[in-house]
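[1] Just to be clear, the model below is a prediction. Sequence and coordinates:
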Amino acid sequence: MNRRIFIPSTLILVVVVGVALFQSNRELAHRSDHLNRLRQQTLTTEQALAAQRRTLSTLAHDLSAAESQLATLPLYSPPAAGTAANSHSPEIAAWLANVKRLKQLFADRPERRISEMRLLTDEDWLRATHGIRLNDEESIRRTLAAIRTAAVSRFKTPLVQAFATYAKTANRTTPASASALAPFFANPADAESLNRYEIVATNLPENLKALGAATWSLLERSAIDEDYDTRHRFNPDGGGNSASGIAAWNPDLKERTQRAAQAFTAANPAIGSPVVSQLLPYFNPPLSPAIAEKLITTERSRQR
């Protein structure tokens, strides 16, 4: 005869409660570990942010100090021992020397200047020269180009204002030339830079034109240094874009290169991807020697 075992309900309740408490404690421990990890991550992030703030504060202080000293310094000349330049920190002294050297380079190479440079601020000169070394021709050309880019960026402000004034009177008519925008500049001196630009069509689809998209833009005509200069395009709505490199100043180069590659592949189906020197005979019409040399040089620099 089977005996029935009766378990008191209080014992069952104790077991159930115990299991629940165990699970609850385990869950609490898990959450506690998770919170501790989050606190540690938050602390680490806060410490990293604090370090970044200190770095930015130091850089801002140095920039402010350099700006305050820059206006009082003459064009570049190596500082003599005991002069005021040597009383600054070595970093600021080197920084200011770079600015003076760069201004002297433009004075020695006036053909490398652009008219927009009259708009540059001390901050622009300092930002372009922070931490650089003007010890070879490549770094010099790159820095001269950086200054020109900063100058064009400054030119955008009066240009956009002129665009807005022109739009109020021209009823979306495309200017006959860049110089047609000159009367709409608040400062006539700013309009002198327009001779470096040309009006070009945007070639947008008709549906976008119907929506009011700009049908023209202002584009830089040519580079001072194709290897390093950035080419800027400004739209009358205030937008625009920029590009750098040899293709930026030779807009049909990409399409011509594609056609040359197709012609090469058709003539040499067993050969894989060609190098620039192999493509050159397949350009029609031929590339100028200067552009061909730049393409080869660019390819070699990428392979290093």
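    Nice, I can see it.
[2] Would you list the phi and psi of the most centrally placed residue in the chain?
    Nearest to the centroid of the C-alpha atoms of the chain, with distances taken as CA atoms, centre = their mean, sits Ser242, at 9.3 Å. Dihedral pair for Ser242: phi -150, psi 160, per degrees, to the nearest 10.
[3] wait, isn't Ala186 in contact with Gln161?
    Yes: here Ala186 reaches Gln161: they are 6.4 Å apart, a contact under CB atoms under 8 Å. Bear in mind the C-beta positions are built from the backbone N, C-alpha and C, glycine included.
[4] So for the two, which sits in the more crowded spot?
    Set Ala186 next to Gln161 and count neighbours by other CB atoms under 10 Å: Gln161 wins out with 16 against 10.
[5] which stretches of this protein form strands?
    With strands called from DSSP state E, the chain shows them at 197-201, 216-220, 230-234, 240-244.
[6] How far off centre is the second one?
    Meaning strand 216-220. On the basis of CA atoms, centre = their mean, to the nearest Å, strand 216-220 sits 20 Å off its chain's mean C-alpha point.
[7] Kindly report the same for the third one.
    In terms of CA atoms, centre = their mean, the centre of strand 230-234 is set 12 Å apart from its chain centre.
[8] pLDDT on it, on average?
    The pLDDT scores in strand 230-234 average 97.
[9] so it versus strand 197-201, what angle?
    Put simply, strand 230-234 runs at 60 degrees to strand 197-201, going by axes from the mean of the first three to the mean of the last three CA atoms, to 10 degrees.
[10] One more: the last one?
    Direction vectors for strand 240-244 and strand 197-201, defined by the same axes, to 10 degrees, enclose an angle of 110 degrees.
[11] ok, residues contacting strand 240-244?
    If you take CB atoms under 8 Å, 6 or more residues apart in numbering as the criterion, strand 240-244 is touched by 156, 217, 228-234.
[12] and Ile114, what is it in contact with?
    Ile114 makes contacts with 148, 151-152, 193, 196, 224, as judged by CB under 8 Å, 6+ apart.
[13] That one and Ser222, how far apart?
    In this view, Ile114 and Ser222 are 11 Å apart by CB to CB, to the nearest Å.
[14] list residues touching both of those two?
    Joint contacts of Ile114 and Ser222 (CB under 8 Å, 6+ apart) are Arg196.
[15] circling back to that earlier point, next, format the strands of the chain as JSON lines and append distance to Leu253.
    Formatted as JSON lines, the strands of the chain follow (distance: least, CB to CB, whole Å):
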{"stretch": "strand 197-201", "distance to Leu253": "17"}
{"stretch": "strand 216-220", "distance to Leu253": "16"}
{"stretch": "strand 230-234", "distance to Leu253": "13"}
{"stretch": "strand 240-244", "distance to Leu253": "12"}
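[16] hey, least reliable of those strands by pLDDT?
    Across those, strand 240-244 has the smallest mean pLDDT, namely a mean of 91.
[17] Paired strands for it, with orientation please.
    Partner strands and pairing direction for strand 240-244 (DSSP bridges) are strand 230-234 (antiparallel).
[18] What residues sit buried inside the strand it pairs with?
    Residues of strand 230-234 classed as buried by neighbour count (16 or more other CB atoms under 10 Å): 230-234.
[19] now do stretch 197-208
    Judged by neighbour count using 16+ other CB under 10 Å, the buried positions of stretch 197-208 are 197, 199.
[20] switch to numbering from 310
    Okay, using 310 as the starting number, the last item reads as stretch 506-517.
[21] Which residues does it contact?
    By CB under 8 Å, 6+ apart, the residues outside stretch 506-517 that reach it are 483-487, 522-530, 542, 544.
[22] what two of the contacts of Ile423 are the furthest from one another?
    Maximum pairwise distance in the contacts of Ile423, criterion CB to CB, is 13.2 Å, between Ser502 and Ile533.
[23] what about the two, which has more around it?
    Ranked by neighbour count (other CB under 10 Å), Ser502 and Ile533 place Ser502 first, with 22 against 17.
[24] Leaving out the residues flanking it, which one is nearest to that one?
    If the residues on either side of it in the chain are set aside, Ser502 comes closest to Ser424, at 4.5 Å by CB to CB, 6 or more residues apart in numbering.
[25] Wait, the one you found touches Ala500, no?
    No: between Ser424 and Ala500 there is no contact under CB under 8 Å: 9.8 Å.
[26] which of the two has more neighbours?
    Neighbour count, other CB under 10 Å: between Ser424 and Ala500, Ala500 has more, with 20 against 16.
[27] Distance check, the more buried one against Gly440.
    Using CB to CB, one gets 35 Å for the distance from Ala500 to Gly440.
[28] Mind splitting the chain into its structural domains?
    For the chain, the structural domains run 400-558, 562-612, going by automatic domain parsing.
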